[in-house]
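*Asks:* only the shape, not the letters, is given here:
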Ligand SMILES: Nc1ncnc2c1ncn2[C@@H]1O[C@H](COP(=O)(O)OP(=O)(O)OP(=O)(O)O)[C@@H](O)[C@H]1O
């Protein structure tokens, strides 16, 4: 899996930022045991495919999240310290970079700042989802700031980085509800085929290779998930598209958002999401174009976007693609009904 581009971003903003950032800290295992109460179950923030994450507090009082990697020993070909050193030099205000690490015996641990508002996934589907803190303004802010973070990785970081695992659980939120995208380039440290083997991985592009265009596809799915509140399953775009043909944007938006004109306010995020999640990689925009589209407030740009042929209903209703669309849409419609029943 190629996560760092061979082109090293000549003269990019990344050079400047790399020189000014603080030195990486090597933590001792003893220090991290003390901070996390020996990786106590009560300190556990969550668990993913490759790691468990624990809340901790250092002796200076600062709060940290310690990521304890699983199955490290399978990847002895990778130089853990070198990879982490490279990744931790990549800094942007919307990226959550590694603050330090520990490489002792069999233990491989990554240390991050603790994000008190946790991850986007916990707000959409997890422990905070019932409160529905994410109004339209916050959703738009998360869309823009996470796009800026990935655009930085693709276009300005040195070396340039393919994220490789763009998903809602890797978008953490700071106290202002700005995105802090994490786990970038980290797939290189993990078992390669793990993500691909998950057939229900709705974020995975049809071409199934880690690339900038693959990140754009995953980001498009993430935008549709952010607006609709539905899980990133296969069939999400196929459920959204017919509603876009009918210009029924209000029906796409998460039913928990109780505001006026939600469809109109989040329309742009839906359209950009669909452009990103096109099956053909060459049709997708770049991440800098995504940032530009999401941030541009002009009416002309909006009508240009709306006129894209992708958002026009195909003439023939009996063609293969349309039938595929319907099959995918059924999966999501069932989920929608479940969701309504749960709320009632
Ligand atoms: N810096 C952090 N601050 C607060 N919570 C965090 C932090 N890092 C991770 N978490 C929490 O820990 C959970 C587990 O993270 P982890 O990276 O192990 O798995 P994941 O991203 O959820 O899934 P996967 O790695 O399989 O994609 C996250 O969902 C998040 O809620």
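*Replies:* Nice, thanks for sending it over. Note that the structure is a prediction, hence the values are computed from the model and not measured. Residues are numbered from 1 along each chain as shown.
*Asks:* isn't residue 135 up against residue 259?
*Replies:* Yes. Taking contacts as Cβ atoms under 8 Å, residue 135 lies within contact range of residue 259: 6.3 Å. Any C-beta I mention is one placed from the backbone N, CA and C, and that applies to glycine too.
*Asks:* more neighbours: which of those two?
*Replies:* residue 135 (16 against 11; other Cβ atoms under 10 Å).
*Asks:* for residue 165, see how far away the more buried one is.
*Replies:* Relative to residue 165, residue 135 is positioned 27 Å away (Cβ to Cβ, to the nearest Å).
*Asks:* do residue 205 as well
*Replies:* 12 Å.
*Asks:* neighbour-wise, which of those two wins?
*Replies:* residue 165 (27 against 22).
*Asks:* so the more buried one touches residue 183, yeah?
*Replies:* Yes. The pair residue 165 / residue 183 is scored as a contact, 5.6 Å apart, by Cβ under 8 Å.
*Asks:* I figured residue 249 was touching residue 243, is that so?
*Replies:* Yes. Look at residue 249 against residue 243 with Cβ under 8 Å: they come within range, at 7.3 Å.
*Asks:* more crowded one of these two?
*Replies:* Neighbours per residue (other Cβ under 10 Å) separate residue 249 from residue 243, with residue 249 holding more: 22 against 17.
*Asks:* care to break this structure down by domain?
*Replies:* The domain map for the chain lists 21-113, 120-333, with the assignment taken from automatic domain parsing.
*Asks:* pick the most deeply packed of those.
*Replies:* Highest mean neighbour count among these (mean count of other Cβ atoms under 10 Å): domain 120-333, with a mean of 18.
*Asks:* quick check: residues of the stretch 151-300 of the chain near the ligand?
*Replies:* 165, 167, 169-170, 172, 183 (Cβ under 6 Å from any ligand atom).
*Asks:* restricted to strands, list those residues.
*Replies:* residue 172 (DSSP state E).
*Asks:* which of the residues of the stretch 151-300 of the chain next to the ligand lies closest to the ligand?
*Replies:* Closest to the ligand out of these is residue 169 (3.4 Å), distances taken as Cβ to the nearest ligand atom.
*Asks:* quick one: low-confidence residue ranges for the stretch 101-250 of the chain.
*Replies:* 187-200 (pLDDT under 70).
*Asks:* what segments of it are helices?
*Replies:* Applying DSSP state H, counting those that start in this stretch to the stretch 101-250 of the chain gives helices spanning 120-124, 136-155, 194-197, 212-228, 236-245, 249-252.
*Asks:* ok, now how distant is the residue in the stretch 1-150 of the chain positioned nearest to the ligand from residue 134?
*Replies:* When scored by Cβ to the nearest ligand atom, the stretch 1-150 of the chain has residue 48 as its residue closest to the ligand, at 2.1 Å. Counting by Cβ to Cβ, the gap from residue 48 to residue 134 is 22 Å.
*Asks:* residue 69 too?
*Replies:* Plainly put, residue 69 is 30 Å away from residue 134 if you go by Cβ to Cβ.
*Asks:* for this protein, which segments count as strands?
*Replies:* 25-26, 44-47, 51-57, 63-69, 100-104, 107-113, 171-173, 179-181.
*Asks:* tell me what angle the third one forms with strand 107-113.
*Replies:* What it means is strand 51-57. Angle of strand 51-57 versus strand 107-113, following axes from the mean of the first three to the mean of the last three Cα atoms, to 10 degrees, is 50 degrees.
*Asks:* now do strand 51-57 against strand 63-69, angle only.
*Replies:* 150 degrees.
*Asks:* how about residue 66: what's its closest non-neighbour residue?
*Replies:* residue 54 (4.8 Å; Cβ to Cβ, 6 or more residues apart in numbering).
*Asks:* does the one you found really touch residue 68, like I thought?
*Replies:* Yes. Between residue 54 and residue 68 there is a contact under Cβ under 8 Å: 6.8 Å.
*Asks:* shared neighbours, the two?
*Replies:* residue 39 (Cβ atoms under 8 Å, 6 or more residues apart in numbering).
*Asks:* do you know how far the residue lying closest to residue 117 once chain neighbours are set aside is from residue 279?
*Replies:* Using Cβ to Cβ, 6+ apart and skipping residues adjacent in sequence, the residue nearest residue 117 is residue 173, 3.8 Å away. Separation of residue 173 from residue 279 (Cβ to Cβ): 30 Å.
*Asks:* do the same with residue 90
*Replies:* From residue 90 to residue 279 the distance is 30 Å (Cβ to Cβ).
*Asks:* now residue 99. Nearest residue, chain neighbours left out?
*Replies:* Closest to residue 99 by Cβ to Cβ, 6+ apart is residue 111, at 5.0 Å.
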